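> here is my input, please return the structure:
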Amino acid sequence: MASRFEILYKLDQQTYSVGLPVVITGGNLLQDNYNGRLFAQLKLKSISFRQISAVEVMIQTMDNYNRLVETIAFVYDNLRLYRDNTAGDDISIPLEDNRGKKLNAVVTAVVDSSGNEWRENAPKVSVIEEAAPLESRLDGDKQLAKQYRLKYGFEHNYAPTVGEGIWTCSCGAINLDEEDACHSCGFLRKEIMNPDFNALEQDKRQRQKKEKEHTRNIIIIGIAAALVLAIGIIVISVISPKETFEDEYYDESYEEEYPVEEAADEGYEDPYYIVDEVYYTQAVLKVREGPGKDYRQLTRDELAGEDYYNSEDYPDALLKKGSPVVCLEMSGDWMRIESGWICVRDGDETLVE
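Got it, this is the predicted structure:
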């Protein structure tokens, strides 16, 4: 069965009206195949630290020659739109003229929950370009990009950019010009835009040296274990069962009277991390309530004394790189410390040593 609605045109670029804290992240021009009616759908995203309650947009349709067909104003009201949340993509806006083939949309006014209004009658529209990968900023050096993520966090995958009235962090978050720190990751704008590449390069070389030493140690341990195993097999093979279990040493009735008890499951123990030992964070790490990314991230006020990254604009708990932590318990790739849980591995990355 054919779909009732057909997409005639898609808005693929993110656009915003300079000075207004809402981004249009996408949109569709839809045609109802039953009656030929046209509808517009838009997806709006807040970049304001205030709750948005209403957004006014101007919608235009054009024919295939970009000649204007129709212009309408539409108001999304009764919103409770918080920062980085989206709205509007579940609303179909009916259009009067069914000749349109292309779609354009512009935000013209925004109202927050306190009644404050931003309005631009002739807004200047700017495009948020698709973010380039972080490696493009580092001359393709993947190891330097890895070091960058170890310092700033593994969500930092993009080259930061500056637009008119906004800037985007390497974590992908969109921030307003007046914000000196990223509202999402908490790092300072000047640090994200102008990192110390020489220090990153030095840290990269030190890490690679440690990784080589760690790999060499694992190989040595593996060879030693293989030799011990081989010697054990040889010894067992030359001792006969009669010599091993003489009657005075082995009584079959002993098992019945004193059955062997299986050891109780005492939880997961990671051979690399030892309880009560002190380790050091190799990257900026989030602290969570439990062992997993689904658990709530703690605030820095909930930390029990660990050295945290201090930013007034980011109240959540971020342990500084190099912070000493005491291992209290392990659960998979997660370590319980005094305040909560931190991730010690991300794939092949060792985050705590």
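> quick one: distance of stretch 293-303 to the chain centre.
15 Å (CA atoms, centre = their mean, to the nearest Å).
> ok, stretch 79-96 next?
24 Å.
> which residues outside it are in contact with it?
By CB atoms under 8 Å, 6 or more residues apart in numbering, the residues outside stretch 79-96 that reach it are 22, 25-26, 30, 37-49, 51-55, 59, 61, 70, 72, 74, 76, 113, 173, 183-184. Where C-beta positions appear, they are placed from N, C-alpha and C, glycine not excepted.
> output it as CSV, nothing but the C-alphas.
C-alpha atoms of stretch 79-96 as CSV (Å, rounded to 0.1, in the frame of the first residue of the first chain):
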residue,chain,number,x,y,z
LEU,A,79,5.7,24.8,24.4
ARG,A,80,7.9,23.8,27.3
LEU,A,81,11.1,23.7,25.3
TYR,A,82,14.3,23.4,27.3
ARG,A,83,17.8,23.8,26.0
ASP,A,84,18.9,21.3,23.4
ASN,A,85,15.4,19.8,23.3
THR,A,86,13.4,19.8,20.1
ALA,A,87,9.8,20.3,19.1
GLY,A,88,7.5,20.8,16.2
ASP,A,89,8.2,17.7,14.1
ASP,A,90,4.9,16.1,15.2
ILE,A,91,2.9,19.1,13.9
SER,A,92,1.7,19.4,10.3
ILE,A,93,1.0,22.9,9.2
PRO,A,94,-1.7,23.2,6.5
LEU,A,95,-0.9,25.4,3.5
GLU,A,96,-3.5,27.1,1.3
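> buried residues in that stretch?
79, 81, 83, 87-88, 93, 95 (16 or more other CB atoms under 10 Å).
> which of those residues sit farthest apart?
Arg83 and Leu95 (30.5 Å; CB to CB).
> give me the helices and strands touching the lengthiest helix in the chain, please.
Criterion DSSP state H: the longest helix present in the chain is helix 197-238. Contacts defined by 3 or more CB pairs under 8 Å, 6 or more residues apart in numbering; DSSP states H and E place helix 197-238 against helix 142-152.
> now do the same contact list for the residue most central in space within the chain.
Nearest to the geometric centre of the chain sits Glu155, at 4.3 Å (CA atoms, centre = their mean). For Glu155, the contacting residues are 171-172, 185, by CB under 8 Å, 6+ apart.
> name the SS class of it, please.
Using DSSP: H, G, I helix; E, B strand; the rest coil, the secondary structure recorded for Glu155 is coil.
> likewise for Ile192?
helix.
> contacting residues around it?
Per CB under 8 Å, 6+ apart, neighbours of Ile192: 152, 160, 169-170, 182.
> which of the buried residues of stretch 79-96 sits closest to Asp301?
Out of those, the member with the shortest distance to Asp301 (by CB to CB) is Arg83, at 20.9 Å.
> name the helices or strands packed onto the host helix or strand of Ala109?
Using DSSP states H and E, Ala109 sits in strand 102-112. Under the contact criterion of 3+ CB pairs under 8 Å, 6+ apart, strand 102-112 touches strand 5-11, strand 14-17, strand 22-32, strand 38-46, strand 52-62, strand 117-119.
> pLDDT score for Ser17?
Ser17 is assigned 95 on the pLDDT scale.
> just give the number of residues close to it.
The tally of other residues near Ser17 (other CB atoms under 10 Å) stands at 25.
> and Gln31, how close does it get to Asn104?
17 Å (CB to CB, to the nearest Å).
> which stretches of the stretch 51-200 of the chain have low pLDDT?
Across the stretch 51-200 of the chain, nothing is flagged by pLDDT under 70.
> quick revisit: in JSON lines, list the buried residues of stretch 79-96 along with distance to Pro291 and secondary structure.
Converted to JSON lines, these look like this (distance: CB to CB, whole Å; DSSP: H, G, I helix; E, B strand; the rest coil):
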{"residue": "Leu79", "distance to Pro291": "36", "secondary structure": "coil"}
{"residue": "Leu81", "distance to Pro291": "33", "secondary structure": "strand"}
{"residue": "Arg83", "distance to Pro291": "28", "secondary structure": "coil"}
{"residue": "Ala87", "distance to Pro291": "34", "secondary structure": "strand"}
{"residue": "Gly88", "distance to Pro291": "37", "secondary structure": "coil"}
{"residue": "Ile93", "distance to Pro291": "45", "secondary structure": "strand"}
{"residue": "Leu95", "distance to Pro291": "51", "secondary structure": "coil"}
